[in-house]
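Chemist: coordinates for the following, if possible.
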Amino acid sequence: MEFTLMKILIQIAQGFCLLSVSLLSCVPKTLSETISLPLSDVTSNQVIISKLENSVLGFDQSKQEPVLLAFNSFTDIDGVKGQTEIQQLVQLGVIETNSSNFNPLDPITRGQFVTWLVKAYNQLHDVPIPVGSNRELAFSDLSVSHPDFNYIQAAYDAGYIVGFEDGTFQPNNPLTREQMIALKSQLDSSGSDSRNADRLRHFASRTMGYTDVEQMSDQYLKYLVFDAWNAAGSKNFVRVYGQTRIYSPKRPVTRAEAAILLTKFRKGKPIEKVLESR
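Modeler: As a prediction, this is how the structure comes out:
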């Protein structure tokens, strides 16, 4: 395919690039010389021209212009707990790389978590959760224009999530630890502990050793105890936070913590094997 494009100077995250008919010439910020890279084969409307450090540069045939498609990796996750899991979810297509920053220590919202949850589940299971098949509103505060609508609606239709007593889901609120475990454990097992809240709280304190059981919400207790203690549970909390006697159920979940959790499902395929097969 021939290009009749005039030379265009564009700026991306890691330097300046000059796109000509057949070469992409780049001057990284850390180098003084120009590096010329060949254009890749044109296979789609937006094609990858080259990967420069942490950026992916493409060419939009319909617009006949270069475009910054994505970032290969994040610049703020080195040494962060969960770095490997974040990178795995990027490769899996769960986490989008439309920015060079992941902000691993920022709280994740309830809506964003459900989106990652459903995406990860669908990639690691043979029978996915149908997404986008229902446009009816499940919650009074969730419109079809919300970026996480399709995934929240899909999880609701599949019977995996419920909202609050007032009929809302509060998708933009920070996700708490107890909410995270309740949401995730339902996709690992259909079981939950049927004992009443008082007995569950007593068990969590005396047998499991948690010192802050009074802070646990009644509606989530059956999932928290089942996840941590039952043989069919997935030990999700321990996998993210390790062995601890302080649950901090109302504490917001960070984006890195959410990533750690979502790389493994009890009945799902190992993420390493899924990535190797691609």
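Chemist: which residues touch residue 202?
Modeler: By Cβ atoms under 8 Å, 6 or more residues apart in numbering, residue 202 lies in contact with nothing. Glycine gets a C-beta too; all of them are placed from N, C-alpha and C.
Chemist: again, but for the one 10 residues further on
Modeler: Going by Cβ under 8 Å, 6+ apart, residue 212 touches 246-249.
Chemist: which one of those is nearest to residue 217?
Modeler: Closest approach between the contacts of residue 212 and residue 217, by Cβ to Cβ: residue 249, at 6.9 Å.
Chemist: how far away is that closest one from residue 108?
Modeler: Using Cβ to Cβ, to the nearest Å, residue 249 is found at 16 Å from residue 108.
Chemist: before we move on, what SS does residue 119 have?
Modeler: helix (DSSP: H, G, I helix; E, B strand; the rest coil).
Chemist: checking the residue lying closest to it once chain neighbours are set aside next. Helix, strand or coil?
Modeler: In space, and not counting its chain neighbours, residue 119 is closest to residue 94: 4.4 Å by Cβ to Cβ, 6 or more residues apart in numbering. Recorded secondary structure, residue 94: coil (three-state DSSP).
Chemist: what about residue 158, how many residues nearby?
Modeler: Residue 158 has 16 neighbours, counted by other Cβ atoms under 10 Å.
Chemist: can you pull the contacts of residue 74?
Modeler: Residue 74 touches 54, 86, 90, 97, 99-102, counting by Cβ under 8 Å, 6+ apart.
Chemist: go with 10 Å
Modeler: By Cβ atoms under 10 Å, 6 or more residues apart in numbering, residue 74 lies in contact with 54, 80, 83, 86-87, 90, 95, 97, 99-104.
Chemist: weed out the non-buried ones from those.
Modeler: 54, 80, 83, 86-87, 90, 95, 97, 100, 102, 104 (16 or more other Cβ atoms under 10 Å).
Chemist: so which of the contacts of residue 74 sit within helices?
Modeler: Members of these lying in helices (criterion: DSSP state H): 83, 86-87, 90.
Chemist: how close does residue 234 sit to residue 181?
Modeler: 9 Å.
Chemist: any common contacting residues for these two?
Modeler: Overlap of the contact sets of residue 234 and residue 181 (by Cβ under 10 Å, 6+ apart) consists of 226-228, 261.
Chemist: who's in contact with stretch 138-150?
Modeler: Taking Cβ under 10 Å, 6+ apart as the rule, stretch 138-150 contacts 109-116, 118, 131-137, 152-157, 161-164, 166-172.
Chemist: now, those residues that are in helices?
Modeler: 110-116, 118, 152-157.
Chemist: quick check: residue 224 touching residue 210?
Modeler: Yes - the criterion here is Cβ atoms under 10 Å, and residue 224 meets it with residue 210 at 8.8 Å.
Chemist: hmm, back to that, residues near the residue nearest to residue 119, how many?
Modeler: Neighbours of residue 94 (other Cβ under 10 Å): 23.
Chemist: surely it touches residue 120?
Modeler: Yes - using Cβ under 10 Å, residue 94 is in contact with residue 120, at 4.9 Å.
Chemist: so for those two, which residues contact both of them?
Modeler: Joint contacts of residue 94 and residue 120 (Cβ under 10 Å, 6+ apart) are 88, 259, 262-263, 271.
Chemist: secondary structure added to the residues you listed, as CSV?
Modeler: Listed next are those as CSV, based on three-state DSSP:
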residue, secondary structure
88, helix
259, helix
262, coil
263, coil
271, helix
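Chemist: tell me which two in the residues you listed are the farthest apart.
Modeler: Farthest apart among these by Cβ to Cβ are 259 and 271. That separation is 11.2 Å.
Chemist: can you pull the buried residues of stretch 142-150?
Modeler: So stretch 142-150, judged by 16+ other Cβ under 10 Å, has buried residues 142, 146, 148-150.
Chemist: re the thing from before, neighbour count: residue 234 and residue 181, which is higher?
Modeler: Taking neighbours as other Cβ under 10 Å, residue 234 and residue 181 compare with residue 181 leading, 25 against 22.
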